[in-house]
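I'll drop the sequence and a predicted model, then ask my questions.
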Amino acid sequence: MRFLDEYRDAKAIRGIASAITKITKRPWTLMEVCGGQTHAIVRFGIDELLPKLITLVHGPGCPVCVTSVELVDQAIAIAQRPEVIFCSFGDMLRVPGTSQDLFAAKAAGAEVRIVYSPVDAVALAREHPDREVVFFAVGFETTAPSTAMAVVLASQQHLTNFSMLVSHVLVPPAMEAVLSSPHNTVQGFLAAGHVCAIMGYTEYEPIAARYRVPIVVTGFEPLDILHGVLMCVAQLEEGRAEVENQYTRAVRREGNAQAMWAIREVFEIVPRKWRGIGPIARSGLGLRAPYDAFDAALRFDVATLSAEESSECISGLILQGIKKPIECPAFGTRCTPERPLGATMVSSEGACAAYYRYRRPAAAPSEAVA
Ligand code: SF4
């Protein structure tokens, strides 16, 4: 626990919160991009330690939340085929599609299995040569390397019964979509440290320059997040807009060369529709042509399925930092983790789930660190 204790030390946290208060002269709105950071902020009451001039809004950094309804419906359609063993990370099972979720499909007889790694799905395909094993490849740049390696492995092993429904999304284009919106209020970003551990942060440099917005690569513990806020506010108060790295213990500017090789070998950049937000150009990863044989959307002919999103769920506004979960009229009433209307109430990184768990009106106070 040595490292956790250091980054949750109450005295250090009070010191950094007071440094933020000292340098903050004007109101600033910052967005933490990653859902993991959102959960830490709400869980530890980090926003409550900040001066009132600083507003934290929550970003589109939860891959489960932004996977489109079409892809969830495609996943269900594939899973319902009798020859298929459908493999997914557990979070995706409760995400509502148009009329049901994967969990309901499983309850009705579909063979849906939770796996902890795409390589587990490859192993299943090897063990069950008479079945079609399909992996739901959801995630940002963080999980794309392991997905890519699973495809390479399946290709090397000449597996003909393994494929993937690919829903990978990329963070920098989503940040640009937020900044380009006429409703944007974000003046600085805390960028997700684990994404940058893979990709480095060179892709953020043109964004910081183009939109005149500071971007601070930030970790996930309370002290990391407050330090990221301090670095971001210092830039804003000084009129700077640069990319800085708070998470130096895990992130290098150039990222992880091996992981990026795997991504580039297997995937190409494609347009992607984001749940609640809509299409964002060049914001997804799709399989490159040499790996078409592993594309489940092609193999099962589901790529053309279209779907309607719930008109009641405002998660798109939440994921763009325009609204907070408690501003949703359905929050905690018609929408709960047991009966979710949107993915942000289901995912372990979802903003609505964080507010429901740690800050619903009747809940105990957050685990304040000070
Ligand atoms: S509370 Fe439910 S309905 Fe409202 S935005 Fe969140 S997920 Fe959507």
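Nice, I can see it.

Quick one: mean pLDDT over the longest strand seen in the chain.
Ranked by number of residues, the top strand in the chain under DSSP state E is strand 278-287. Mean pLDDT, computed over strand 278-287, is 96.

Look up the closest residue to the residue located most distally from the centre of the chain, ignoring the ones flanking it.
For the chain, the residue at maximal distance from the C-alpha centroid (C-alpha atoms, centre = their mean) is residue 130, at 34.3 Å. In this structure, residue 130 finds its nearest non-sequential neighbour in residue 161, 7.9 Å apart by C-beta to C-beta, 6 or more residues apart in numbering. For glycine as for every other residue, the C-beta is placed from the backbone atoms N, C-alpha and C.

Now do the phi/psi pair for residue 211.
Main-chain dihedrals, residue 211, degrees, to the nearest 10: phi -100, psi 0.

The one 3 residues further on now?
Residue 214 adopts backbone torsions of phi -70, psi 140, taken as degrees, to the nearest 10.

I figured it hits residue 188, correct?
Yes - using C-beta atoms under 8 Å as the test, residue 214 is close enough to residue 188 to be in contact (4.5 Å).

Now for those two: what residues contact both?
Contact criterion C-beta atoms under 8 Å, 6 or more residues apart in numbering; residues shared by residue 214 and residue 188: 232, 235, 236.

And for residue 268, nearest residue in space, chain neighbours not counted?
residue 288 (4.9 Å).

ok, how many other residues are close to the one you found?
Per other C-beta atoms under 10 Å, the neighbour tally for residue 288 reads 16.

Pull up the gap between the residue farthest from the centre of the chain and the ligand, please.
With distances taken as C-beta to the nearest ligand atom, to the nearest Å, residue 130 is found 39 Å from the ligand.

hang on, the earlier thing: from the shared contacts of residue 214 and residue 188, which is closest to residue 206?
The nearest member of these to residue 206, counting by C-beta to C-beta, is residue 235 at 16.7 Å.

wait, the closest one sits on residue 241?
Yes - contact between residue 235 and residue 241 holds when scored by C-beta under 8 Å: they sit 6.6 Å apart.

With neighbour numbers in mind, choose between these two.
Of the pair residue 235 and residue 241, residue 235 is the one with more neighbours under other C-beta under 10 Å, namely 22 against 18.

Relative to the ligand, how far out is that one?
For residue 235, the distance to the ligand (C-beta to the nearest ligand atom) stands at 31 Å.

Go ahead and report the secondary structure state at that residue.
Each residue gets one of three states, and residue 235 gets helix by DSSP: H, G, I helix; E, B strand; the rest coil.

Could you pull up the contacting residues of it?
188, 214, 216, 241, 242, 244.

burial of the third one, as a residue count?
This points to residue 216. If you count neighbours by other C-beta under 10 Å, residue 216 ends up with 28.

now residue 123
Residue 123 is flanked by 16 other residues according to other C-beta under 10 Å.

which helices and strands sit right next to the one helix or strand it maps to?
Secondary structure from DSSP states H and E places residue 123 in helix 118-127. For helix 118-127, the packing partners by 3 or more C-beta pairs under 8 Å, 6 or more residues apart in numbering; DSSP states H and E come out as strand 84-88, strand 132-139, helix 144-156, strand 162-169.

okay, that helix in PDB with CA atoms only?
This file holds the C-alpha atoms of helix 118-127, laid out as PDB (Å, rounded to 0.1, in the frame of the first residue of the first chain):
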ATOM      1  CA  PRO A 118      -8.900 -10.700 -25.400                       C
ATOM      2  CA  VAL A 119      -6.300 -13.400 -25.200                       C
ATOM      3  CA  ASP A 120      -8.700 -15.500 -23.100                       C
ATOM      4  CA  ALA A 121     -11.100 -15.300 -26.000                       C
ATOM      5  CA  VAL A 122      -8.400 -16.600 -28.400                       C
ATOM      6  CA  ALA A 123      -7.800 -19.500 -26.000                       C
ATOM      7  CA  LEU A 124     -11.600 -20.300 -26.000                       C
ATOM      8  CA  ALA A 125     -11.500 -20.300 -29.800                       C
ATOM      9  CA  ARG A 126      -8.700 -22.800 -29.700                       C
ATOM     10  CA  GLU A 127     -10.600 -25.000 -27.200                       C
END
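
so how far is that helix off the chain centroid?
25 Å (C-alpha atoms, centre = their mean, to the nearest Å).

Contact partners for the residue with the shortest distance to the centre of the chain?
Residue closest to the average C-alpha location in the chain (C-alpha atoms, centre = their mean): residue 62, at 2.2 Å. By C-beta under 8 Å, 6+ apart, residue 62 lies in contact with 34, 35, 38, 319, 343, 344, 347, 349, 350, 351.

The second one: what's its closest spatial neighbour, skipping adjacent residues?
Read that as residue 35. Leaving aside its chain neighbours, residue 35 sits nearest to residue 349 (2.8 Å; criterion: C-beta to C-beta, 6+ apart).

I'd assumed residue 37 was in contact with that neighbour.
No - using C-beta under 8 Å, residue 349 is not in contact with residue 37, being 9.1 Å away.

ok so, going back, from what I can see, the residue farthest from the centre of the chain looks like it's in a strand, true?
No - per three-state DSSP, residue 130 lies outside any strand segment and is coil.

Which stretches in this structure count as strands?
Applying DSSP E to the chain gives strands spanning 28-34, 54-61, 84-88, 111-114, 132-139, 162-169, 188-192, 215-218, 243-245, 267-274, 278-287.

counting contacts, what elements does the third one pack onto?
Read it as strand 84-88. helix 69-79, strand 111-114, helix 118-127, strand 132-139.
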